[in-house]
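Engineer: Got a sequence here, can you model it:
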Amino acid sequence: MMKILSYPLSVLHYLLYGFLLLIFHPIQWVCIHFIGRKAHKAIVDFLTLMLTKILLVSGNWVRFSIEAPLPENVPIIFVPNHQSLYDIPPLIWYLRHYSVRFVGKKELGGGIPSITINLRNNGSVLIDRSRPQDAVPQLEAFGKDLAAKKQAGLIFPEGTRSRNGVPRPFKTKGLHTIMEQMPEGYVVPITINNSWKILRYGHFPLGIFNTVSFSVHKAIKIDPNRIEEQIAEVEAIVKAGIKE
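Structural biologist: Model prediction:
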């Protein structure tokens, strides 16, 4: 019965979702080329708020909690597990104060309305996973830029999303490379639960009536002499918060 109900709700969800991406694409273009970076960020923030709220159409809602105040005016790298594409709008919206820049896959730069234009213009970095030799210098430059500007980045160290909620082992090279470049910065673990259930049947129909939770854990000061140990600590914290 629940799956039958999900069909009309999914249709409505996708109509609204696609409409927002199409409408906000030219608005972003105008902001980037004629108004400025602050206006572009404000538009992206509002778009991600709307994309987060649209989950309510399919009976899915988001809970976002921050365990302790995060440090200010320092470089930060956020490190969540990854369960679905629906992880991203809430992360951008609820962490909007930090103007988070993403490490994403190259495919996201291929012309997706609203998404590609934002990633190409907000300082994010897109990695070609078929050419890992090119990723290291990209990530080094990304980490150095975060450190110099005291800004925040985000990387999904599993490399790809988990389709059943069971976390994949962290691929540590990318995170290690970034942390090396920001010795005065902080790494912040984030645990995401239940967003995989939205895509439990694939992209259509959507899973309905799920509570998707985001738990932002305490920031950890980066120790350049213990980066591998700290990555293991971050992985343990993220995975400890995952619920079956």
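Engineer: Now R101: phi and psi?
Structural biologist: For R101, the backbone dihedrals (degrees, to the nearest 10) come out as phi -110, psi 140.
Engineer: what pairs with it across the strands?
Structural biologist: Applying DSSP bridges to R101 yields these beta-bridge partners: G153.
Engineer: burial count for T48?
Structural biologist: 23 (other C-beta atoms under 10 Å). Placement of C-beta: from N, CA and C, glycine included.
Engineer: ok, now F78?
Structural biologist: Neighbour tally, F78, other C-beta under 10 Å: 22.
Engineer: Which of the helices or strands spans it?
Structural biologist: strand 76-80 (DSSP states H and E).
Engineer: Need the contact partners of that strand.
Structural biologist: With contact meaning C-beta atoms under 8 Å, 6 or more residues apart in numbering, strand 76-80 is reached by 70, 87, 91, 95, 98, 100, 143, 146, 151-157, 175, 178-179, 182, 185-192, 214, 216, 219, 234, 238.
Engineer: Tell me which residues of stretch 62-82 come out buried.
Structural biologist: Neighbour counts using 16 or more other C-beta atoms under 10 Å place V62, F64, L70, V74, P75, I76, I77, F78, V79, P80, N81, H82 of stretch 62-82 among the buried residues.
Engineer: Could you identify the longest helix within this protein?
Structural biologist: helix 2-30 (DSSP state H).
Engineer: From the contact counts, what lies against that one?
Structural biologist: Applying 3 or more C-beta pairs under 8 Å, 6 or more residues apart in numbering; DSSP states H and E, one finds that helix 2-30 contacts helix 37-54, helix 115-121.
Engineer: Go through those and name the closest to F19.
Structural biologist: Comparing those by their distance to F19 (C-beta to C-beta), the top pick is helix 37-54, with 9.6 Å.
Engineer: and that closest one, what other elements does it pack with?
Structural biologist: On the basis of 3+ C-beta pairs under 8 Å, 6+ apart, helix 37-54 makes packing contacts with helix 2-30, helix 88-94, helix 115-121.
Engineer: so which of those helices comes closest to G202?
Structural biologist: Of these, the one closest to G202 (C-beta to C-beta) turns out to be helix 2-30, at 10.6 Å.
Engineer: Can you tell me which residue is spatially central in this structure?
Structural biologist: The centroid of the chain falls nearest to I88 when counting by C-alpha atoms, centre = their mean (4.0 Å).
Engineer: where in this protein is pLDDT low?
Structural biologist: 1, 244 (pLDDT under 70).
Engineer: hang on, G159 in a helix?
Structural biologist: No. Looking at G159 with DSSP: H, G, I helix; E, B strand; the rest coil, it is coil, so not inside a helix.
Engineer: List the residues that contact G123.
Structural biologist: Contacts of G123 (C-beta under 8 Å, 6+ apart): R101, D145, Q151.
Engineer: Now distance to I227 and neighbour count too, for these, in JSON lines please.
Structural biologist: Formatted as JSON lines, the contacts of G123 follow (distance: C-beta to C-beta, whole Å; neighbours: other C-beta atoms under 10 Å):
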{"residue": "R101", "distance to I227": "20", "neighbour count": "19"}
{"residue": "D145", "distance to I227": "19", "neighbour count": "17"}
{"residue": "Q151", "distance to I227": "20", "neighbour count": "18"}
